[in-house]
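A.B. asks: starting from these lines, generate the structure:
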Amino acid sequence: MKNKTYLESDHIYLRAAEPVDLEVMYEVENDSSMWEISCCTVPYSRYILKEYIKNSSYDIYADKQLRMMIVQKGSDMVIGIIDITDFVPLHGRGAIGIMIREGYRKHGYAKEALNLLLEYSFEYLHLKQLYAYIAVDNEDSIRLFNSCGFVQSGLLKDWLHTGNEYKDTILLQCISPN
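C.D. replies: Model (predicted):
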């Protein structure tokens, strides 16, 4: 019987960040258009990101987070990043975030990456659930998460501050079937 392969599909694979990913991470973390959804308030330096890559154990239980690079098969191009953050081992849950780089969006890569991470989280890490906070007007993300089995379990009024307004946010959860 063949062993189960996690973190790999027909078109992409997920892997740990490596020093070669520094420029991609710098580009992503310093894209101010993403800050309102990531809760980032300042740019990251290359030095800080380099130290993050160097010091991460890539053990979700030690780091309380997991960052994976989404890599296109064939070209080995990093096309995005997917994270589990706010990991709470006692309750077997973590928040999930995903970002696909411009030019690679609308090709199904986000759905493949999200499904790979769900499978890995539930079958290998034995997590109970993953959740995401998404602004109510981010219809593409809501559709993506719904298509991967996430369901709305709450509405947070005026949750995200964006420019001159506050936006409502929905809480989506995906609970392990096991």
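
A.B. asks: going forward, measure contacts and count neighbours with C-alpha atoms only.
C.D. replies: Noted.

A.B. asks: all helices for the protein, in order.
C.D. replies: 22-29, 35-38, 46-55, 60-63, 109-119, 139-147 (DSSP state H).

A.B. asks: centre of the chain to the third one, how far?
C.D. replies: Put simply, helix 46-55 sits 19 Å off its chain's centre (C-alpha atoms, centre = their mean, to the nearest Å).

A.B. asks: what's next to it, contact-wise?
C.D. replies: Contact with helix 46-55 is made by A17, E18, P19, L22, E23, M25, Y26, as judged by C-alpha atoms under 8 Å, 6 or more residues apart in numbering.

A.B. asks: now with 10 Å?
C.D. replies: With contacts defined as C-alpha atoms under 10 Å, 6 or more residues apart in numbering, helix 46-55 is touched by 16-23, 25-27, 29, 45, 63, 67.

A.B. asks: and it, what's buried?
C.D. replies: L49, K50, I53 (16 or more other C-alpha atoms under 10 Å).

A.B. asks: re the thing from before, out of the helices of the chain, which is closest to K73?
C.D. replies: helix 109-119 (11.0 Å; C-alpha to C-alpha).
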